[in-house]
Every structure is written in C-alpha cells, then in structure tokens.
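1. structure of the sequence below:
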Amino acid sequence: IVDRKRGNVRLRDISESVAAIAVRGPMAVQKLATLLEPVPQRAGDLCRSRLAGIGVFAARATDDGPDGVDLYCRSSDVESLRTALGKLVIPFVDEATWALVRLEWGVARIGVEIDPDDTPIEASLDHLVAQGKGAPFPGEVALDTRRRSGPLKRLVGFAVTGDEVPPVGAEVFVNDRAVDRVRSVAASPRAGVIGMTAVPQGADTADTPLVIVAGASRWEARVIRPPFVPRDPVR
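-> Numbers count the residues shown, from 1 in each chain. You can find the predicted model right below:
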C-alpha cells in the first residue's frame, strides 16, 4: 500500500492467499503462449498477465535453471489453473519429482542445500546480489569483505561412482579431511547418483575427488559443476 502524499510504503503479508505454480521444460513457454497473454520474453522478466481468463503475475525463469514461467495467482484460482494447464497437456508433478528436477539443475534451497550461515558467495549466488544502487542494505559490508577475501567454501555438485545412494548428512572428505556433509542427494535416471555439498576454496574445481562416509560405508565421488543435465536437451 503506497501513501503517495508522504512517500511511504506499508507492507501487508498476503502469503496465505497467494499461490505459485512453476511450469518448466523445453516446451513450457511455447505451450503457455497459447493461453497466457502477455508472455514474459526475457529471463527474469515479470509482467501482469491472464491465463485462460485468470489474472496472474507471470515471471520468466532465470538462466540458473530450466526455462519456463512461474505463475503467481490467488490460492482460490489454483484448481482453475490446473484445469487450464491440463488442457495443454502440462501435468502437475509431486514434491519428490520437483525436488529431483531442482537437484538436476543445481537449484539450491535455503534450509536444504544452503545453510543459514552461508553467505551468497558460499552459496554461489553472489551474481544475484545487485550492488551500486546508491542505497545500503543489511550485510553489504560483510559481503564486500568476503568478496575481497574470497569464499571460505563453495556449494558444489557431486556425482557418486556406482548406483548406491549415500544418506543425507553423511560426511564429505577432501584429502582425508572432513569438510562438510551431504546436503542433498538423489538417484537421477538422467545423471546417476548426484547431490550437493560444500567444499573449501580450491577444492571446488570440476573432477576434484571426494570421499563420502556414513558409518562403515564409503562412497567415491567427484565434484561436478551444476547443472547435471544439459541446458539444451534434445526435444
């Protein structure tokens, strides 16, 4: 709510009444274009649109993950949108499938792959922090200091040798030194056994060998720079 006379902005939490539907895939934008008007054209664009007559905010996905559009709508409109998307043969997927797709693309989640004490630099998200806007923000000095000194560690992907999946929380070793834990892991039909962890600066280069240990079990792995799947899949 904007008070134009005073130039003040008041924020109201509407989280309970708003829903988001993420539509992803190489044909997502092409299919949505038949019902969505207008379609956000560039990565990161956001526009007020209508899909099958329903008002939504449509946000084009960034280049950090698979192409597609996020649709922000009223919670009461979700079922109507589900029906409209179903007519485009765009199925809804369960949480497990969506989590696997996110992992294949290396899209980190706060509280899962990203710890509360990770800075944007440790999380490899510093490119998303806009600076030089002429206004300070909380953590700006700390971020500048870390940029100058370099990251203490980096969030990376890894691929495990073999078909056995190590557990989340298993210790990750570099050169016989425990450096982190398995933050997420899954068996992908497209990329094999993959996951994410954090390693010290210098050990974040591709193909750096890792050892994962849980109890008496041991897995060999190597660092991989996400995404684990091609950005331009064969259609």
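
2. could you look up the SS state of Glu220?
-> Under DSSP: H, G, I helix; E, B strand; the rest coil, the three-state class of Glu220 is strand.

3. could you do Arg147 as well?
-> helix.

4. list the buried residues in stretch 109-120.
-> 113-114, 118-120 (16 or more other Cβ atoms under 10 Å). Yep, even glycine has a C-beta here, placed from its N, CA and C like the rest.

5. dump the residues you listed into CSV; add secondary structure as well.
-> Formatted as CSV, the buried residues of stretch 109-120 follow (three-state DSSP):
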residue, secondary structure
Glu113, coil
Ile114, strand
Asp118, coil
Thr119, coil
Pro120, coil
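
6. under the pLDDT cut-off, which ranges of the protein? List them.
-> 1-8, 131-134, 150-151, 231-235 (pLDDT under 70).

7. that older thread, nearest to Thr145 among the buried residues of stretch 109-120?
-> Among the buried residues of stretch 109-120, Thr119 lies closest to Thr145 (Cβ to Cβ), at 9.7 Å.

8. name the nearest residue to that closest one, sequence neighbours excluded.
-> Arg146 (5.4 Å; Cβ to Cβ, 6 or more residues apart in numbering).

9. could you dump the buried residues of stretch 109-120 to a markdown table with distance to Pro38?
-> Below are those laid out as a markdown table (distance: Cβ to Cβ, whole Å):
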| residue | distance to Pro38 |
| --- | --- |
| Glu113 | 33 |
| Ile114 | 33 |
| Asp118 | 37 |
| Thr119 | 37 |
| Pro120 | 31 |
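
10. how about these, which pair is most distant?
-> Taking Cβ to Cβ as the measure, the buried residues of stretch 109-120 span a maximum distance of 14.1 Å, between Glu113 and Thr119.

11. for this structure, what spans make up the strands?
-> Along the chain, counting by DSSP state E, strands occupy 2-3, 8-9, 18-24, 36-37, 46-51, 54-60, 68-74, 153-160, 171-174, 177-181, 184-188, 192-200, 209-214, 217-224.

12. any idea which of those strands gets closest to Ala130?
-> Distance to Ala130, taken as Cβ to Cβ, is lowest for strand 46-51 among these, at 15.0 Å.

13. for Arg181, see how far away Leu88 is.
-> 41 Å (Cβ to Cβ, to the nearest Å).

14. which one's more surrounded, those two?
-> Relative neighbour count places Leu88 above the other of Leu88 and Arg181, with 19 against 16, counting by other Cβ atoms under 10 Å.

15. residue closest to the middle of this structure?
-> Among the residues of the chain, Val107 comes closest to the average C-alpha position under Cα atoms, centre = their mean, at 2.6 Å.

16. residues contacting Gly25?
-> Gly25 makes contacts with 66-68, as judged by Cβ atoms under 8 Å, 6 or more residues apart in numbering.

17. of those residues, which is the nearest to Phe228?
-> Pro66 (11.8 Å).
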